[in-house]
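In: Compute the structure for the input listed below.
(4 chains)
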Number of protein chains: 2
Amino acid sequence: MSPGHPDLPALGLQACAEPSPCVEVKDVLARVGDKWSLYVVVNLHAGPLRFNELKRRIDGVSQRMLTLTLRGLERDGLVSRTVYPTQPPSVTYELTASGQTLLRPVAALVRWAQAHRDDIEQSRHAFDAQHPHAHTSGA
Amino acid sequence: MSPGHPDLPALGLQACAEPSPCVEVKDVLARVGDKWSLYVVVNLHAGPLRFNELKRRIDGVSQRMLTLTLRGLERDGLVSRTVYPTQPPSVTYELTASGQTLLRPVAALVRWAQAHRDDIEQSRHAFDAQHPHAHTSGA
DNA sequence: CCGAATCCTGATTGATACTG
DNA sequence: CAGTATCAATCAGGATTCGG
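Out: Numbers count the residues shown, from 1 in each chain, chains lettered A, B, ... in the order given. Prediction:
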């Protein structure tokens, strides 16, 4: 029955079939999948940035959300926060070693997204066409 | 100043520094990062499953959320739905070719999560310890 | 300049009940 | 068995305002 599935179990995914042993993944996805974390991490990949510089680059993020995102990232040890007691105060954020390693798997996902963008777009269009009652919302 | 950053730009991430050109990624993360899609995809990796079988396996998912998740996945062409007009009706869900390819980058993320689980856990604990005002919530 | 606190809105989710 | 509909609760996110 099984078509030509490559054996994914070898990738360590079978351990993730149930919610309980898979909390770690939810964790990661919650961190990287939220609205802004990814942008912060990516923008920080080239070196430290100050708060408002980050805010200017991400443009669209509210200061509240940027603060919360940075706090979350900092809490998880993905980003470090450095305060320079100047006048006015200056604070910079930088990727930690962990934060840098995260970029790699994220990049894989990005590549997948780019490769399948058209397929998905097309698929959605086709699907919406034959499902009149606009529940287009994804899960 | 830049520490030993591997050149991430080569990974195609620099194109993602700003929201606009990065919609695709948000898309993917929205699909895979939501509460249940990942479980569905992973559970389907070994072959087709019926609705309630899926529901039983994921346990914790409400039938509503499973339906919505499957619809979203189907809409994006990641999962296919097959109806057998038996009595009672039987419906099976299966990963499409696209859906199968998604497992690979996801696995990379899973591996990262597993590898950094302890660091993150520890980091959170340390962070919470010196931040009394329980905003433990991540961003 | 950095960022914390408050208020308010809308999207997500879950429980329950009902239909084919 | 598979799926939909409705309702209520929760939560994330944005605008604004105040403090160090």
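In: how close does residue A:28 sit to residue B:77?
Out: 25 Å (Cβ to Cβ, to the nearest Å). Every C-beta, even on glycine, is put in place using the N, C-alpha and C of the backbone.
In: Settle it for me: which of these two has more neighbours?
Out: residue A:28 (23 against 20; other Cβ atoms under 10 Å in any protein chain shown).
In: The more buried one: what secondary structure?
Out: helix (DSSP: H, G, I helix; E, B strand; the rest coil).
In: Also residue A:101?
Out: Criterion first, three-state DSSP; result for residue A:101: helix.
In: is it true that it touches residue B:116?
Out: Yes: when contacts are counted by Cβ atoms under 8 Å, residue A:101 is listed as touching residue B:116 (7.3 Å).
In: which one of these two has more residues nearby?
Out: residue B:116 (21 against 17).
In: Might you report the residue contacts of that one?
Out: A:98, A:101, A:102 (Cβ atoms under 8 Å, 6 or more residues apart in numbering or on different chains).
In: give me the residue from chain A nearest DNA strand D.
Out: For chain A, the residue closest to DNA strand D is residue A:35, as judged by Cβ to the nearest atom of the strand, at 3.4 Å.
In: which one is that residue nearest to, not counting chain neighbours?
Out: residue A:65 (7.0 Å; Cβ to Cβ, 6 or more residues apart in numbering or on different chains).
In: how much space between that neighbour and residue B:76?
Out: 26 Å.
In: so which strand or helix has the spatially most central residue of chain A?
Out: Centre of chain A computed as the mean C-alpha position; nearest residue by Cα atoms, centre = their mean is residue A:32, 2.6 Å away. Per DSSP states H and E, residue A:32 falls inside helix A:23-33.
In: for that helix, packing partners?
Out: helix A:37-43, helix B:23-33, helix B:37-43, helix B:97-129 (3 or more Cβ pairs under 8 Å, 6 or more residues apart in numbering or on different chains; DSSP states H and E).
In: same thing but 7 Å
Out: Judged by 3 or more Cβ pairs under 7 Å, 6 or more residues apart in numbering or on different chains; DSSP states H and E, helix A:23-33 is in contact with helix B:23-33, helix B:97-129.
In: who wins for proximity to DNA strand C among the ones you listed?
Out: helix B:23-33 (7.6 Å).
In: Can you list the neighbours in contact with the closest one?
Out: A:29, A:32-33, A:38, A:109-110, A:112-114, A:117, A:138, B:16, B:37-38, B:72, B:76, B:106 (Cβ atoms under 7 Å, 6 or more residues apart in numbering or on different chains).
In: got it, and stretch A:88-108?
Out: A:32, A:38, A:41, A:44-45, A:48-51, A:54, A:70, A:77-84, B:5, B:8, B:11-13, B:105, B:108-109, B:112, B:116, B:119.
In: And the buried ones among the residues you listed, selectable in PyMOL?
Out: In PyMOL, a selection of the buried entries from the contacts of stretch A:88-108 looks like this (16 or more other Cβ atoms under 10 Å in any protein chain shown):
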select buried, (chain A and resi 32+38+41+44+45+48+49+51+54+70+77+78+79+80) or (chain B and resi 8+11+13+105+108+109+112+116+119)
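In: Filter the contacts of stretch A:88-108 to keep only those in contact with DNA strand C.
Out: A:50, A:51, A:70, A:81, A:83 (Cβ under 7 Å from any atom of the strand).
In: Over in chain A, which residue gets nearest chain B? Let me know.
Out: residue A:33 (2.7 Å; Cβ to the nearest Cβ).
In: Number of residues surrounding that residue?
Out: Neighbour tally, residue A:33, other Cβ under 10 Å: 22.
In: Residue A:90 too?
Out: Neighbour number of residue A:90 under other Cβ under 10 Å is 13.
In: pLDDT at it, what is it?
Out: Residue A:90 is assigned a predicted lDDT (pLDDT) of 92.
In: Over to residue A:139?
Out: On the pLDDT scale, residue A:139 gets 39.
In: and if you look at residue A:53?
Out: Confidence for residue A:53, expressed as pLDDT, is 93.
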